[in-house]
Every structure is written in C-alpha cells, then in structure tokens.
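J.: whatever this is, show me its structure:
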Amino acid sequence: MKILLTILILNFCFQSLTKADDIKDFQIDGISVGDTLIKYMTEDEILIEKKKRENYYSYLGDPIFYEVYSFGKSSQYDYISFFLKSNDRNFIIQAIYGVKLYENDISKCYKKQNEIIAELENLFKNLKKYSEELPLGQDTSGNSIIKRTYYSFENQDIIAVECYDWHESMQKSNPSNPDILSLSINTKELFSWIN
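T.: Residues are numbered from 1 along each chain as shown. Model prediction:
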C-alpha cells in the first residue's frame, strides 16, 4: 500500500505518513516514483514538454533524463515536475518535485523548509540525513545558493527538501528564477545525475 507524502501549501503538514523502507511507498499528489507518467498525462503532452525543455540540462552533458512540468493540476503546489529517462518509451517516473514559489521571500522558504525537516525527523529516524549549502551552478557569480536537507534510503534513493535562493541580479535578468521550496522524491541515478 502506498504511503501518502503530501505537503499542504498553507501549513506544509504531513498527512497519513508512516515508516517506510522504499521510495516507491511515497507519493506527491498521488503519484509515485516508478509509476508511468502516462497515467497522469497524455503521451503528446509529455513529448511537447520534452521538446520545450530539451536544452534545460545541457550543462550536465549527455541528456540521460528530461523534465516534464505539470502546471495548474495540483491544489497543493504551484507546479509539479517529473524526470523521465530520455530513451524510456514507458515514461517511468524517476523523480517527482513538488514546488512552491517564494517570490523574493527566501526567509519564508527557510521557515517552511525547517517545518518540513522537523516532520521528516520523526518519520526518518533510521535513515541517513545530510544537510548542505551549495552555490547554484547556473549563477557564475556564486551569489545564488541552494540549501538542502535530504534523507538517503539504504539503496541510496533520496527524499530532499530544498530552498533555492537566487540572487537578485539573477531574478532581474531571468524572471523564471524565483526563490522556491522543493520537496522531491528521487531515484539514486537521477539524484546523482542532476547534482
């Protein structure tokens, strides 16, 4: 039975969570890693999204994965994104990201991040926890950072809570760089590739 991993936008409370040992036991908006995205989007919608974003991760080298966005279908997130393998015709989800925008208000993002981490502490007492603060690679000035806490399962799959703090200059030059909070469920392979 799947365990529901949900964040409510207003209070980011976790509901119906119990201890689990497999990343596939968790869901964001009723969707799990390992599901086929075809259950939630049409093949045409997926391929259009793939085409729109085919160069998003070109700085990582080979396009092993691609990202598909879903806007306006979630009552809990500003958007959800999914990572799929480039050559997978079954569209198996490798990662799910639930994202909440914090336009120019990183302090609220950090506050919500800490609340979620407190909840995860109770849930993941037996998992390895890591916290780090790193520069965002797309900002060559080094002024934009990501603050991340993640929990690693025995097979090295990951659940992560992150705040992306884009420097003001990056937000002015590219409005698609708002400060965001992200809760994600990732396979080991995807998390290693994107990080």
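J.: can you give me the buried ones in the longest strand seen in the chain?
T.: Ranked by residue count under DSSP state E, the longest strand found in the chain is strand 93-102. Neighbour-count burial for strand 93-102, with 16 or more other Cβ atoms under 10 Å as criterion, is recorded at 93-100, 102. Just so you know, the C-beta spots here come from the backbone N, C-alpha and C atoms, and that holds for glycine as well.
J.: show me what contacts the spatially most central residue of the chain?
T.: Among the residues of the chain, the one closest to the centroid is residue 97, at 2.7 Å (Cα atoms, centre = their mean). Contacts for residue 97 were tallied using Cβ atoms under 8 Å, 6 or more residues apart in numbering; they are 28, 80-83, 182-184.
J.: same for the longest helix seen in the chain, what does it pack against?
T.: When the chain is parsed with DSSP state H, its longest helix is helix 106-123. Other elements packing on helix 106-123 under the criterion 3 or more Cβ pairs under 8 Å, 6 or more residues apart in numbering; DSSP states H and E are strand 93-102, strand 145-152, strand 158-165, strand 179-186.
J.: same thing but at 7 Å, please
T.: strand 145-152, strand 158-165, strand 179-186 (3 or more Cβ pairs under 7 Å, 6 or more residues apart in numbering; DSSP states H and E).
J.: distance to residue 43 and mean neighbour count added to those, as CSV?
T.: Converted to CSV, those look like this (distance: least, Cβ to Cβ, whole Å; neighbours: other Cβ atoms under 10 Å):
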stretch, distance to residue 43, mean neighbour count
strand 145-152, 32, 19
strand 158-165, 28, 22
strand 179-186, 23, 23
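J.: which one of the ones you listed lies closest to residue 61?
T.: Residue 61 lies closest, by Cβ to Cβ, to one member of the helices and strands packed on helix 106-123: strand 179-186, at 18.5 Å.
J.: where in the chain is pLDDT low?
T.: Scanning the chain for pLDDT under 70 picks out 1-21, 174-176.
J.: 50 instead?
T.: 1-19 (pLDDT under 50).
J.: picking up where we left off before, in a markdown table: the helices and strands packed on helix 106-123, plus distance to residue 71.
T.: Shown next, in a markdown table, are those (distance: least, Cβ to Cβ, whole Å):
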| stretch | distance to residue 71 |
| --- | --- |
| strand 145-152 | 22 |
| strand 158-165 | 18 |
| strand 179-186 | 14 |
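J.: from the chain's centroid, how far away is the longest strand of the chain?
T.: 3 Å (Cα atoms, centre = their mean, to the nearest Å).
J.: cheers, nothing more for now.
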